[in-house]
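In: Give me coordinates for this.
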Amino acid sequence: MSQSQFTIPDLLASWPWPRAKNPALDQNLEDEANAWVASLELFEPRQLDKFKACQFNLLASLVGPIEGRDSLRISCDLMNFYFAFDEYTDVVSGDEVMMIVADVIQAFRDRESPEGSSKIKEMARQFFQRTIALVGEDTQGIDHFIADFEAYAKSVVQEADDRVQGIVRNVEEYFILRRDTCGGKPSFSFFGLGLCIPKEVFDHPVMQSLTESATDLIAMINDMHSYALEHARGLDGHNVITAIMHEHSVDLQGAFYWLSGHASKTVSKFLNDRKNLPSWGSDIDKAVNEYIDRMARCVRGYDAWSYETNRYYGKNGLEVQKSRKIMLQHRELEMGYITRDQLLIGAA
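Out: Numbering: from 1, shown residues only. From the prediction side, this is the model:
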């Protein structure tokens, strides 16, 4: 094995939920979702092509509810929005991120407002209008999603500050922040819209523990698969692999082994918590079970997509899934989708 080749673990080897894809994903729907992103003029044409090559619509079909074309379309909108938001906030200061966050939250809360004053705000406004038209006014669910998204968005500011200051957190502190920055919680609450689950259910300690475990698994999955890309872009300071290497004084391969053990414990914790959920009555229990299944399918979907997209392993993802072997790239080979010079926050 060469010095730059490493073996990655299967973090979901004992995860009982299989890969499940919304069968409504076809070329027409992909073209429709991509045309919407293009209409917002978020990226220059060449960078837009790179963005589309990441196959975020495929991700939506793997992590979102698997029933229906309309449901898939708003899932596509959410995934495309997440990654556009991530690219924009990667190249601005903490104060500028907060300006973007405030705009987005306003767009979610005031969907009847005129066109947004920034591209990201307008993107948020349009996709959330489509969402409410489909799922209805699930007031508690909408409040839950907005709160989770706001926590996610504000955590990006702390991530940016850590990056500027060169801070590498220990593993426990890293997970505390990463549970918000990975975007798992707002994804779960978004996919739960329309189930009308009461706030008391989400506030229950067992439900919170389930959510934390699922979120940690998504963070671990994303960090493992994105490590080589982030290393190439010089953004690997905010990655659990880096935190493990620093805290436990292990090399990269040792960090992957440590992560595998931690993921196994997290999977066991999720499965045990699921068995210990209380009952809130038959109707609510049915909705809660569906919510947990969606959450679990979302975890599996992120892992499956990581091999099927070109984003992390180019065209070799399915081979990586079989061989478990990855290579690190030189740092100068990979750039983001947008630079600060291209960023026009005030453009409609």
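
In: for Leu193, phi and psi?
Out: Backbone dihedrals for Leu193, given as degrees, to the nearest 10, come out at phi -60, psi 140.

In: Correct me if wrong: it contacts Phe145.
Out: Yes: using CB atoms under 8 Å, Leu193 makes contact with Phe145 at a distance of 6.4 Å. (C-beta placed from N, C-alpha, C; glycine too.)

In: Got the phi and psi for the nearest residue to Asp251 once chain neighbours are set aside?
Out: Nearest residue to Asp251 in three dimensions, chain neighbours excluded: Met245, at 6.9 Å (CB to CB, 6 or more residues apart in numbering). Backbone dihedrals for Met245, given as degrees, to the nearest 10, come out at phi -60, psi -40.

In: and if you look at the one 4 residues further on?
Out: According to degrees, to the nearest 10, the main-chain angles of Ser249 amount to phi 50, psi 50.

In: Show me what the helix or strand hosting Asp273 is packed against.
Out: Taking DSSP states H and E as the criterion, Asp273 maps to helix 252-275. Judged by 3 or more CB pairs under 8 Å, 6 or more residues apart in numbering; DSSP states H and E, the packing partners of helix 252-275 are strand 5-7, helix 205-233, helix 240-248.

In: The same query, at a cut-off of 6 Å, please.
Out: helix 205-233, helix 240-248 (3 or more CB pairs under 6 Å, 6 or more residues apart in numbering; DSSP states H and E).

In: contacts for the helix-or-strand element of the chain with minimal mean pLDDT?
Out: Lowest by mean pLDDT, DSSP states H and E among the helices and strands of the chain is helix 94-109, with a mean of 85. Applying CB atoms under 6 Å, 6 or more residues apart in numbering, the external contacts of helix 94-109 come out as 89, 116, 118, 120-121, 124-125, 128, 146, 150, 153, 156-157, 160-161.

In: Sort out which residues of that helix are buried, please.
Out: Neighbour-count burial for helix 94-109, counted by 16 or more other CB atoms under 10 Å, picks out Gly94, Glu96, Val97, Met98, Ile100, Val101, Asp103, Val104, Ile105, Gln106, Ala107, Phe108.

In: Where does pLDDT dip in the chain?
Out: By pLDDT under 70, the low-scoring segments of the chain are 1-3, 91, 113-117, 329-348.

In: Give me the number of neighbouring residues for Pro16.
Out: Pro16 has 9 neighbours, counted by other CB atoms under 10 Å.

In: do the one 3 residues further on as well
Out: In terms of burial, Arg19 registers 14 neighbours under the definition other CB under 10 Å.

In: Test my guess that it contacts Ala304.
Out: Yes: assessed by CB atoms under 6 Å, Arg19 is found in contact with Ala304 at 4.5 Å.

In: residues touching the spatially most central residue of the chain, list them.
Out: Nearest residue to the geometric centre of the chain (CA atoms, centre = their mean): Gly183, 4.3 Å. Applying CB under 6 Å, 6+ apart, we find Gly183 in contact with Tyr82, Tyr152.

In: My read is that Leu62 contacts Asp303, right?
Out: No: with contacts counted by CB under 6 Å, Leu62 stays clear of Asp303, the gap being 9.1 Å.

In: Pick out whichever of these two has more residues nearby.
Out: Using other CB under 10 Å as the criterion, Leu62 and Asp303 rank with Leu62 on top: 27 against 24.

In: Could you find the closest non-adjacent residue to that one?
Out: Computed as CB to CB, 6+ apart, the closest residue to Leu62 that is not its neighbour in sequence is Gly301, at 3.4 Å.

In: Am I right that the one you found falls within a helix?
Out: Yes: counting by DSSP: H, G, I helix; E, B strand; the rest coil, Gly301 is found in a helix.

In: Report how many residues lie close to it.
Out: 27.

In: same check, this time on Thr309
Out: Neighbours of Thr309 (other CB under 10 Å): 19.

In: Would you check how far apart it and Leu59 are?
Out: 7 Å (CB to CB, to the nearest Å).

In: Repeat that for Tyr227.
Out: 18 Å.

In: Also Gly166?
Out: 31 Å.

In: For those two, indicate the residue with more neighbours.
Out: Leu59 (25 against 7).

In: between the helix or strand where the more buried one lies and helix 205-233, how many degrees?
Out: Assessed by DSSP H and E, Leu59 sits inside helix 56-63. Computed with axes from the mean of the first three to the mean of the last three CA atoms, to 10 degrees, the direction of helix 56-63 lies at 150 degrees from that of helix 205-233.

In: pull the CA atoms of helix 56-63 into PDB?
Out: Only the C-alpha atoms of helix 56-63 are listed here, as PDB (Å, rounded to 0.1, in the frame of the first residue of the first chain):
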ATOM      1  CA  PHE A  56     -27.700  16.500  -5.400                       C
ATOM      2  CA  ASN A  57     -31.000  15.400  -7.000                       C
ATOM      3  CA  LEU A  58     -29.800  11.800  -6.700                       C
ATOM      4  CA  LEU A  59     -29.000  12.600  -3.000                       C
ATOM      5  CA  ALA A  60     -32.600  13.900  -2.600                       C
ATOM      6  CA  SER A  61     -34.000  10.700  -4.000                       C
ATOM      7  CA  LEU A  62     -31.900   8.600  -1.500                       C
ATOM      8  CA  VAL A  63     -32.500  10.600   1.700                       C
END
